[in-house]
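Novice: this one's sequence-less:
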């Protein structure tokens, strides 16, 4: 039998605050339940996409993690961008988004297009310029994103470029 759903802010560990010599801020002394209808749309945005924060420093007090949803409208693509120092992991919930970057490990830069399906994952290393596209003419694509920084870093770029070979 499952317990009824909690309301936001209800879940917490009642003994956490009793740890001697360990001050705990209110946001970091409890579990956080962020409901789907309470996602925060006040995030860094890229053209053609809508980002919603679920777990962030502001929402949940996270210090090393940002997690949320991105919706890519039908027949659209994001602006070219990167996520600064963040490592980014992407899980495809619905649709068939495509992730595009330039690879110049060969004779010259070539566009690489990663075509995905629900259940697929993408890893985006720090500072790698890329864009997301949704070629479907009717349905939006939805992905869940986790980043290694507490807020969503989005640096919009005037063009897609390949990182120099290291």
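Specialist: Looks like it came in fine. It should be emphasised that the depicted structure is a prediction, and the values quoted were computed from it without experimental measurement.
Novice: going forward, measure contacts between C-alpha atoms and count neighbours the same way
Specialist: Fine.
Novice: per-residue confidence averaged over stretch 112-129?
Specialist: Here stretch 112-129 scores 96 as its mean pLDDT.
Novice: For that stretch, give me every contacting residue.
Specialist: Stretch 112-129 has contacts (CA atoms under 8 Å, 6 or more residues apart in numbering) with 80-103, 157, 160-163.
Novice: Give the buried residues for it.
Specialist: For stretch 112-129, burial by neighbour count (16 or more other CA atoms under 10 Å) applies to 116, 124, 127, 128, 129.
Novice: Can I get those in JSON lines including secondary structure?
Specialist: Compiled in JSON lines, those are given as follows (DSSP: H, G, I helix; E, B strand; the rest coil):
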{"residue": "116", "secondary structure": "coil"}
{"residue": "124", "secondary structure": "strand"}
{"residue": "127", "secondary structure": "coil"}
{"residue": "128", "secondary structure": "coil"}
{"residue": "129", "secondary structure": "coil"}
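Novice: Take the residues you listed and lay them out in CSV including distance to residue 72.
Specialist: Putting the buried residues of stretch 112-129 into CSV (distance: CA to CA, whole Å) gives the following:
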residue, distance to residue 72
116, 13
124, 17
127, 21
128, 19
129, 18
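Novice: Identify, from the residues you listed, the entry nearest to residue 60.
Specialist: Proximity of the buried residues of stretch 112-129 to residue 60 was ranked by CA to CA; the top entry is residue 124 with 23.8 Å.
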